[in-house]
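In: This is a predicted model, with the sequence first.
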Amino acid sequence: MAIAKGIIQMTGSVGNLSFYTIAGSDKVIVRTKGGASKKQIAKAPEFEKLRKHQSEWGGCVQFSQGMRKAIGELYRLADYNLSPVWTGMGKNLIKLDTERETGARWLLTSQHKEALEGFSFNRNYPLNNVLRVFPHIEVNRENLQATVTIPRINTENDLLNIQKLPYFRLIICLGTVSDLRNYPDSSYKDYFPLVYELHGASQSTVGVWHSANDILPEHTLTVRLDENLNSYMTNDVTVLLSIGIEFGKVGFGGEITEVKHAGCGKIVYCR
């Protein structure tokens, strides 16, 4: 692979060369066509190691997909692409399984919960910078419910309103992800959640809109997953609580609507 410099801005194919761009870069990548066929990669002995890594990568993607679902509505508050970051985190987690060989390692989130707690969905303005009060959190893991008490907010001192928007609201989300494993000795090579029903389950509670120029008294938000999911809880499941804030303005018809890219959130609890 090479990077084209100078005046070359084309994409497509010329002879044995392919020109293309990738998201997040204005450079043109150049590579030659060819390489091993899909059949060779799937069957040839020399690609066995590659197949094992591909299998584990599939587990990392499943972890990322579960995380995206587990933070519910807060995903839209992120200011960067969370999915590849979580996929990379999954790769690091899967390496921590020292009991099994490459291609058969499990992705045990439940044994490394500290890797997720405090995970921020924003790089420009993290939640701690925007909301300058410290909510009190109570989570009942067995019943899959949570209570978040937000202290008194003086918006002049406790809120960083970058765009000077007139309204804000708080959102909490309770979600779950399951440990993942594969079955390398069977015909099923893919990774599967140990608790399928709780891999990517979530429920969000969206607070009411408040004036961004006011003093807001202490108040409480609660959230609970479907009680039918309680019976599936095991030690293989990790429970996540996320908190976010978003800002809004008066939209069409006089209703308050959220403003894109004017919010932030993070994972505040992971057990």
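Out: Structure's in. What do you need?
In: Does P126 touch G118 like I think?
Out: No - in this structure, P126 is not within contact of G118 by CB atoms under 8 Å, at 9.9 Å. Where C-beta positions appear, they are placed from N, C-alpha and C, glycine not excepted.
In: Give me the common contacts of these two.
Out: K266 (CB atoms under 8 Å, 6 or more residues apart in numbering).
In: More neighbours: which of these two?
Out: P126 (16 against 13; other CB atoms under 10 Å).
In: Now that one: closest residue in space that isn't a chain neighbour?
Out: Nearest non-adjacent residue to P126, counting by CB to CB, 6 or more residues apart in numbering: S120, 4.8 Å away.
In: what pairs with the one you found across the strands?
Out: K266 (DSSP bridges).
In: so who does it touch?
Out: P126, L127, C264, G265, K266.
In: Neighbours of the last one, how many?
Out: What it means is K266. 20.
In: Check N143 too.
Out: With other CB under 10 Å as criterion, N143 counts 13.
In: again with P151
Out: 13.
In: How much space separates it from G265?
Out: 18 Å (CB to CB, to the nearest Å).
In: likewise H112?
Out: 22 Å.
In: For those two, indicate the residue with more neighbours.
Out: G265 (29 against 15).
In: correct me, but the more buried one touches R76?
Out: No - assessed by CB under 8 Å, G265 is found out of contact with R76, at 9.3 Å.
In: Next, the residues that contact stretch 60-69 from outside, please.
Out: By CB under 8 Å, 6+ apart, stretch 60-69 touches 75, 82-84, 86-91, 93-94, 107, 109, 116, 175, 177-178, 180, 191, 193, 199-202.
In: so for it, what's the average pLDDT?
Out: Here stretch 60-69 scores 97 as its mean pLDDT.
In: Likewise for stretch 81-94?
Out: 96.
In: List phi and psi for F252.
Out: phi -60, psi 130 (degrees, to the nearest 10).
In: Then I171?
Out: Dihedral angles for I171 - degrees, to the nearest 10 - are phi -130, psi 140.
In: Okay, and the beta partners of it?
Out: V206, G244.
In: same thing with I215?
Out: With DSSP bridges as the rule, I215 is bridged to N154.
In: Please work out how many residues are found near it.
Out: With other CB under 10 Å as criterion, I215 counts 13.
In: Quick check: pLDDT value at it.
Out: In this model, I215 carries a pLDDT of 97.
In: ok, it touching R152?
Out: Yes - I215 lies in contact with R152 (CB under 8 Å); the separation is 7.0 Å.
In: biggest helix in the protein by residues?
Out: helix 48-70 (DSSP state H).
In: Tell me how far the residue nearest the centre of the chain lies from S120.
Out: The residue lying closest to the centre of the chain (CA atoms, centre = their mean) is R68, at 4.0 Å. For R68, the distance to S120 (CB to CB) stands at 15 Å.
In: Show me the beta-bridge partners of H136.
Out: T149.
In: quick one, what contacts it?
Out: H136 touches V148, T149, P151, counting by CB under 8 Å, 6+ apart.
In: Correct me if wrong: N213 contacts T155.
Out: Yes - when contacts are counted by CB under 8 Å, N213 is listed as touching T155 (6.0 Å).
In: Touching stretch 104-118 from outside, list them.
Out: In contact with stretch 104-118 (CB under 8 Å, 6+ apart) are residues 52, 56, 59-60, 62-63, 67, 89-90, 92-97, 100, 177-182, 184, 191, 235-238, 240, 266-271.
In: Narrow those to those that are buried.
Out: 52, 56, 59-60, 62-63, 67, 89-90, 93-94, 97, 177-182, 191, 236-238, 240, 266-270 (16 or more other CB atoms under 10 Å).
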